[in-house]
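A.B. asks: need coordinates for the below:
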Amino acid sequence: MKTRILQIVSFLSFRDKVLLLSITCLILPVIGTFSIYNYLTKDAVEEQAIISAKNELKLTDEYLKKIFEDMLYTLNFIQLDTELNVIFKKTVMNSADSDHDSQYLVFLNDKKVNKTLETLTLRDQRVYITIILNNGKIYTNYSSNEYNPKNVSGEPWFENLRTLKGYRSIWIAPQTTMFASEKIKSPHSLSVARVLQDSISGVYGYAIVTTTVDRISDILQSENKDNSILLMNEENLLIGNNTDFDRVLSDKVNTKEYFQTENIIRIKGKDYLINTRELSITNWKLISLIPYEKATFRINAIFNEIFIVQTTAFILFLFLLTLILRKILNRLIDLRNIAKKVQSGDLTVRSSLKGNDEIATLSTSFNLMLDKVREMIEENTLIQSRKRQAELEMLQAQINPHFLFNVLNSIRMKVMMKRDHESAEMISSLSKLLRITIDKHKGMITFLEELEINHDYVRLMNMRQRHEIGLKMSVSSDAYHIKLPRLVLQPIIENAIIHGLNEQEGLIEIKAKYHNRTLMIVIEDNGIGMENEQLTKLKENLNKTDLSSHKESELNGFSSIGLSNVYERMKLTFGENFIMQVQSELNKGTKVSMVIPIQEERIVCIK
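C.D. replies: Okay, here's the model as predicted:
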């Protein structure tokens, strides 16, 4: 995929590439900004919605707490009121008495209990109290036409009630209401029950307080009609004002940990933010459901508005960018067209672009380059013409050196015919030296050829001076094949003969060894040597690269220009790794050492 994109981009023109790059650099930050903005603001909106839901749950908790506290207060009053409990105990103990006084006393007690129960609740509270004693006696604050309280003992939860101790209460899950007048208005009711007992008599009765679920549903009604608040008991049964939520959530909730933290749940294809709060009196939980779409509606609206503004600005900016780029790139296209004409061979065209920008500068430089190219072509044409003329003259001049070599060979042959072999060898050595000096096409020779040249040179020098100079060579055979610039040893040998030995009798020794791609050469004489000051000046002259600045100076043993010439040629040939060192001691002689790095192509095979 990446390769495919690169191939497509490579076929685009420079203008299209710049435009594509500009659009990309513009779109990516916008997309990134929108994404980050949407992510951060949605989190903030969700957090605000959760905080609002928590506050609403807290307020709902306070209202429910009031209802539940009233129900518990009723139970506490019934259980703790001394007068009522005395009546209850007497009723249980004297249930078998049937005399007139006892019946009258029972009547008075019943009247007192009923009056007390009526005062415990207000009429509009719709709270129903049921007290069942062990002897079957029942007290209620409602008519028996509403409900037969004897049926309470047959309810499934009544067995759990019998197991309670002390002041513990049991909250009974919402069930179908028992009261006839409430069946239409509030078909479900909620109850709390407690055992009536003391340490002496034990259990002597049960108290049940019941209220209608619609009282709780009214409280669970959220101020926002899109939001829903549900109440979940310990058995995960739900009470609320939205039966669809009751049914769906009842199917989803199978553990108490399901609503431990805020979550997002999908109900009938819609996402809802869930928040929970545990009631302060019971172990029941309040559940808040907020439609996710409604929670983020405002931020989505803002996002859409910003998106429209940004898109409009982007289109406007893109239009302006296209106009500006077209104006700029058209100048480059003009310059490209001129370059194509130059490529086709027309060097007379020139760019007419003006201005102070980089393109104008490039145009000016391009024109100057064309002028320079034309000048170079004309100059090169003139040089080639002169070169052809020089080659012709050189060809003619080559007749003279060849004539000279032929004459020398003729002289050598006549001398040999007269059996003067020494003179013949001298003429042969001179011929070789002249040939290697005049032949300018032979820049590199083998080290063996260099040694032979210096052997001939010393032989000629011995002919012209009174005292003979000895030449000793200690060279390893593998060094013979190394190619070097011609005449690199001759200037050093010449210095040794003329200045080092002062044309007196002496010995010059050449040592050479090839090892590990390095050729090491040492030329040593036993002449008069140099003082330290003279040696220092020689080394200073050796490090100067401008040979024209050297003066021919005799430093009591060496000519600096000859040695510098050798050093410069070897440095240019073998690079910075080439090393030349000069050592000298007065009245003991001078030694020149060279360390030459050799590449494979410098080694030749001599058969």
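
A.B. asks: my guess is K165 is in a helix, correct?
C.D. replies: No: counting by DSSP: H, G, I helix; E, B strand; the rest coil, K165 is not part of a helix but coil.

A.B. asks: all further residue positions should be reported with the first residue as 17.
C.D. replies: Sounds good: first residue 17 from here, last item K181.

A.B. asks: how deep is it tucked in, by neighbour count?
C.D. replies: Neighbour count for K181, taken as other C-beta atoms under 10 Å: 8. Just so you know, the C-beta spots here come from the backbone N, C-alpha and C atoms, and that holds for glycine as well.

A.B. asks: how far does the host helix or strand of I537 sit from its chain's centre?
C.D. replies: Secondary-structure assignment from DSSP states H and E places I537 in strand 534-541. Strand 534-541 has its C-alpha centroid displaced from the chain centroid by 58 Å (C-alpha atoms, centre = their mean, to the nearest Å).

A.B. asks: so what strands line up beside that strand?
C.D. replies: strand 522-531 (antiparallel), strand 605-613 (antiparallel) (DSSP bridges).

A.B. asks: alpha carbons only: can I get the shortest one in CSV?
C.D. replies: If I follow you right, that is strand 605-613. C-alpha atoms of strand 605-613 as CSV (Å, rounded to 0.1, in the frame of the first residue of the first chain):
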residue,chain,number,x,y,z
GLY,A,605,75.6,10.5,7.2
THR,A,606,71.9,11.0,6.2
LYS,A,607,69.0,8.6,6.0
VAL,A,608,65.7,9.2,4.1
SER,A,609,62.8,6.8,5.0
MET,A,610,59.6,6.4,3.1
VAL,A,611,56.5,4.4,4.2
ILE,A,612,54.2,3.9,1.2
PRO,A,613,50.6,2.4,1.4
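
A.B. asks: what lies in contact with that strand?
C.D. replies: The contact list for strand 605-613, computed with C-beta atoms under 8 Å, 6 or more residues apart in numbering, reads 498, 500, 508, 512, 516, 533-546, 573-574, 579, 586, 590-591, 593-600.

A.B. asks: try 7 Å
C.D. replies: Contact with strand 605-613 is made by 508, 516, 533-543, 545-546, 573-574, 586, 590, 593-600, as judged by C-beta atoms under 7 Å, 6 or more residues apart in numbering.

A.B. asks: any chance you could map the strands in the stretch 267-416 of the chain?
C.D. replies: Taking DSSP state E, counting those that start in this stretch as the test, the strands found in the stretch 267-416 of the chain are 279-283, 286-294, 301-307.

A.B. asks: closest to F174 out of those strands?
C.D. replies: Between F174 and the strands of the stretch 267-416 of the chain, the shortest gap by C-beta to C-beta is with strand 301-307, which sits at 25.3 Å.

A.B. asks: the inter-axis angle of that closest one versus strand 286-294?
C.D. replies: Our comparison of strand 301-307 with strand 286-294, counting by axes from the mean of the first three to the mean of the last three C-alpha atoms, to 10 degrees, yields an angle of 160 degrees.

A.B. asks: which elements pack onto strand 301-307?
C.D. replies: When contacts are defined as 3 or more C-beta pairs under 7 Å, 6 or more residues apart in numbering; DSSP states H and E, strand 301-307 sits against helix 30-96, strand 244-248, strand 286-294.

A.B. asks: paired strands for the shortest one, with orientation please.
C.D. replies: Each strand paired with strand 244-248, and its direction, by DSSP bridges: strand 254-256 (antiparallel), strand 301-307 (antiparallel).

A.B. asks: of these, flag the one that's most buried.
C.D. replies: Scoring the strands paired with strand 244-248 by mean neighbour count under mean count of other C-beta atoms under 10 Å gives strand 301-307 as the most buried, with a mean of 22.

A.B. asks: contact partners of that one?
C.D. replies: 65, 69, 72-73, 76-77, 242-248, 261, 275, 286, 288-295.

A.B. asks: narrow these to those that are buried.
C.D. replies: 65, 69, 72-73, 76-77, 243-248, 261, 275, 288-293, 295 (16 or more other C-beta atoms under 10 Å).

A.B. asks: out of the strands paired with strand 534-541, which is the most enclosed?
C.D. replies: strand 605-613 (a mean of 20).

A.B. asks: so is A209 in a helix, a strand, or just coil?
C.D. replies: strand.

A.B. asks: ok, and the closest non-adjacent residue to it?
C.D. replies: I224 (4.4 Å; C-beta to C-beta, 6 or more residues apart in numbering).

A.B. asks: and the helix or strand containing the one you found, which residues are buried?
C.D. replies: Element membership of I224, judged by DSSP H and E, is strand 218-228. For strand 218-228, burial by neighbour count (16+ other C-beta under 10 Å) applies to Y220, G221, Y222, A223, I224, V225, T226, T227, T228.

A.B. asks: return the distance of the fourth one relative to I290.
C.D. replies: If you measure A223 against I290 using C-beta to C-beta, to the nearest Å, the figure is 36 Å.

A.B. asks: same thing with the first one?
C.D. replies: For Y220, the distance to I290 equals 45 Å [C-beta to C-beta].

A.B. asks: ok so, going back, contact partners of the strand holding I537?
C.D. replies: Contacts for strand 534-541 (C-beta under 7 Å, 6+ apart): 495, 498, 505, 508-509, 512, 516-517, 522-529, 605-614.

A.B. asks: how about stretch 507-527?
C.D. replies: By C-beta under 7 Å, 6+ apart, the list of residues contacting stretch 507-527 reads 470, 473-474, 477, 481, 483-491, 538-544, 570, 573-575, 578-579, 581-582, 605-606, 608.

A.B. asks: not counting its neighbours along the chain, what's nearest D230?
C.D. replies: D230 sits nearest to S202 (C-beta to C-beta, 6+ apart), 3.9 Å away.

A.B. asks: that neighbour: neighbour count?
C.D. replies: S202 has 20 nearby residues by other C-beta under 10 Å.

A.B. asks: dump the residue contacts of it.
C.D. replies: S202 neighbours (C-beta under 7 Å, 6+ apart): T193, T228, V229, D230.

A.B. asks: what helix or strand is E465 located in?
C.D. replies: Per DSSP H and E: helix 463-480 holds E465.

A.B. asks: what separates that helix from the chain centre, distance-wise?
C.D. replies: With C-alpha atoms, centre = their mean, you get 71 Å for helix 463-480.

A.B. asks: which helices and strands does it pack with?
C.D. replies: Using 3+ C-beta pairs under 7 Å, 6+ apart: helix 463-480 touches helix 437-454, strand 485-491, helix 506-511.

A.B. asks: which residues sit against that helix?
C.D. replies: 442, 445-446, 448-449, 452, 484-485, 487, 489, 491, 495-496, 498, 500, 504-506, 509, 513, 528, 622.

A.B. asks: was I right about T227 contacting E198?
C.D. replies: No: using C-beta atoms under 7 Å, T227 makes no contact with E198, being 9.9 Å away.

A.B. asks: give the residues shared as contacts by the two.
C.D. replies: S205.

A.B. asks: on that earlier part again, which strands border the strand holding I224, and is each parallel or antiparallel?
C.D. replies: Note on strand 218-228: by DSSP bridges, its sheet partners are strand 143-149 (antiparallel), strand 204-214 (antiparallel).
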